[in-house]
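# Give me a 3D structure for the following:
(one chain, ligands or ions: 1)
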Amino acid sequence: MPSPRRNTEGRPLGASASSSSSSPGSPAHGGSGAGRFEFQSLLSSRAPGGDPTCARLRASESPVHRRGSFPLAGTGPSQAPPPALPEDDRMDLNPSFLGIALRSLLAIDLWLSKKLGVCAGENSSWGSMRPLMKLLEISGHGIPWLLGTLYGLFRSDSWAGREVLMNLLFALLLDLLLVTVIKALVRRRRPAHNQMDMFVTLSVDKYSFPSGHASRAALMSRFILNHLVLAIPLRVLTVLWTFIVGLSRVMLGRHNVTDVAFGFFLGYMQYSIVDYCWLSPHNAPALFVLWNQQ
Ligand SMILES: CC(C)=CCC/C(C)=C/COP(=O)(O)O
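Okay, here's the model as predicted:
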């Protein structure tokens, strides 16, 4: 006997409305899976050979329309519930272009990140490059940057140097704070192929969005380019380092591409904040009091 056609959740088509209206992925439920169905329905209504009349009918039968024309089952005892529709058809709801664009971007992001994660494990295709990638990881880690800045600050014997280093410290702390807050709010898990063997992490570092290394690298390179007088090759090297640190995050499997892209954007913007709030002995004398007493 031929088996019945099944929907994306594995239920037979034509299952009753009540059995699906409370499922997490159903539009009526408003669960996270709703967009998935919208995405699929858009594809199916545009498939070659698809019936455009059918697509129009589906739109007019969506719960959004139905809600306006007659109440949901169970809300009015005297009215008959709407006729049960095949479940796939009920999923075809006002596809939002923003939702589709975001979901498509996410799908490309996951696919590309997996493809680029060639150093995610020792047995990965570029597994032998893993130690080099981990070296890059340390070069963009918060601890060496914080320790180096503090060391420079206490060793510096010029006011100009102290001012720059004080702002560098402020930049690093601001970055740490913003990345922590965003990671805790977004809570995007690291890619499944990542091995959690990172050097000194905070509890939010189980999350991947945004990449702290990418934001720090972008912030540091903008800071360095603006406050250090460097020869052109060193300036090029600084920018190159930023991009390589970002790429290494994806190659190590630590991040998806969008985590790194947003990290770069965040670090770039953070520098603008630091520049705007530039600390000096004039506007923040308390921070420089230690040296005033010497
Ligand atoms: C413990 C300190 C001071 C910083 C944590 C640095 C860190 C582990 C950031 C995570 O970076 P990704 O988000 O790029 O993995």
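
# Could you point out the longest helix of this protein?
helix 159-186 (DSSP state H).

# angle of whichever helix or strand comes after that one against helix 159-186?
Heading C-terminal from helix 159-186, the first helix or strand you meet, by DSSP states H and E, is helix 212-227. Here the directions of helix 212-227 and helix 159-186 differ by 150 degrees (axes from the mean of the first three to the mean of the last three Cα atoms, to 10 degrees).

# Now do the buried residues in the helix or strand that helix 212-227 is followed by.
Counting by DSSP H and E, the next helix or strand C-terminal to helix 212-227 is helix 232-251. Buried residues in helix 232-251, counted by 16 or more other Cβ atoms under 10 Å: 238, 241-242, 244-251. C-betas here are computed from N, CA, C, even on glycine.

# what do you get for stretch 184-204?
For stretch 184-204, by 16+ other Cβ under 10 Å, it's 190-191, 194, 198, 204.

# Leu147 - how many residues pack around it?
10 (other Cβ atoms under 10 Å).

# Next, work out how far apart it and Arg103 are.
Counting by Cβ to Cβ, to the nearest Å, the gap between Leu147 and Arg103 amounts to 42 Å.

# Could you tell me which residues make contact with Cys119?
126-127, 129-130, 133, 248, 251-253 (Cβ atoms under 8 Å, 6 or more residues apart in numbering).

# which phi and psi does it have?
Note on Cys119: its backbone torsions stand at phi -120, psi 20 [degrees, to the nearest 10].

# quick one: low-confidence parts of the stretch 101-250 of the chain?
The stretch 101-250 of the chain contains no residues with pLDDT under 70.

# of all the residues in it, which ones are close to the ligand?
Within reach of the ligand by Cβ under 6 Å from any ligand atom, the stretch 101-250 of the chain has these residues: 141-143, 146, 176, 198, 200-202, 205, 211-213, 249.

# Quickly list the domain ranges of this structure.
The record's domain parsing of the chain by automatic domain parsing lists 17-95, 118-292.

# Between which two of the residues of the stretch 101-250 of the chain next to the ligand is the distance greatest?
Farthest apart among those by Cβ to Cβ are Leu146 and Arg249. That separation is 19.3 Å.

# Could I get the pLDDT score of Val267?
Let me fix one detail, which is that residue 267 is Gly and not Val. pLDDT, Gly267: 98.

# that older thread, possible to save the residues of the stretch 101-250 of the chain next to the ligand as a markdown table with distance to Glu163?
As requested, these are exported to a markdown table (distance: Cβ to Cβ, whole Å):
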| residue | distance to Glu163 |
| --- | --- |
| His141 | 25 |
| Gly142 | 22 |
| Ile143 | 23 |
| Leu146 | 18 |
| Leu176 | 21 |
| Met198 | 33 |
| Val200 | 29 |
| Thr201 | 31 |
| Leu202 | 29 |
| Asp205 | 31 |
| Ser211 | 29 |
| Gly212 | 26 |
| His213 | 27 |
| Arg249 | 32 |
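
# So what's the residue count around Cys277?
Using other Cβ under 10 Å, Cys277 has 13 neighbouring residues.

# And it, how far from Asn283?
Using Cβ to Cβ, Cys277 is found at 9 Å from Asn283.

# Check Leu230 too.
On the measure of Cβ to Cβ, Leu230 and Asn283 end up 27 Å apart.

# Have a look at the two and say which one is more surrounded.
Between Leu230 and Asn283, counting by other Cβ under 10 Å, Leu230 is the more crowded of the two (13 against 9).

# Hmm, that one is touching Thr238, no?
Yes. Leu230 lies in contact with Thr238 (Cβ atoms under 8 Å); the separation is 7.1 Å.

# okay, the angle between the stretch of helix or strand Pro144 belongs to and helix 212-227?
Here Pro144, judged by DSSP H and E, is contained in helix 142-155. Here the directions of helix 142-155 and helix 212-227 differ by 30 degrees (the same axes, to 10 degrees).

# and the closest residue in space to Ile182 that isn't next to it in sequence, what does it touch?
Of all residues not flanking Ile182 in the chain, Pro210 sits nearest, at 5.8 Å (Cβ to Cβ, 6 or more residues apart in numbering). Going by Cβ under 8 Å, 6+ apart, Pro210 touches 179, 182-183, 186, 259-260, 262-263, 266.
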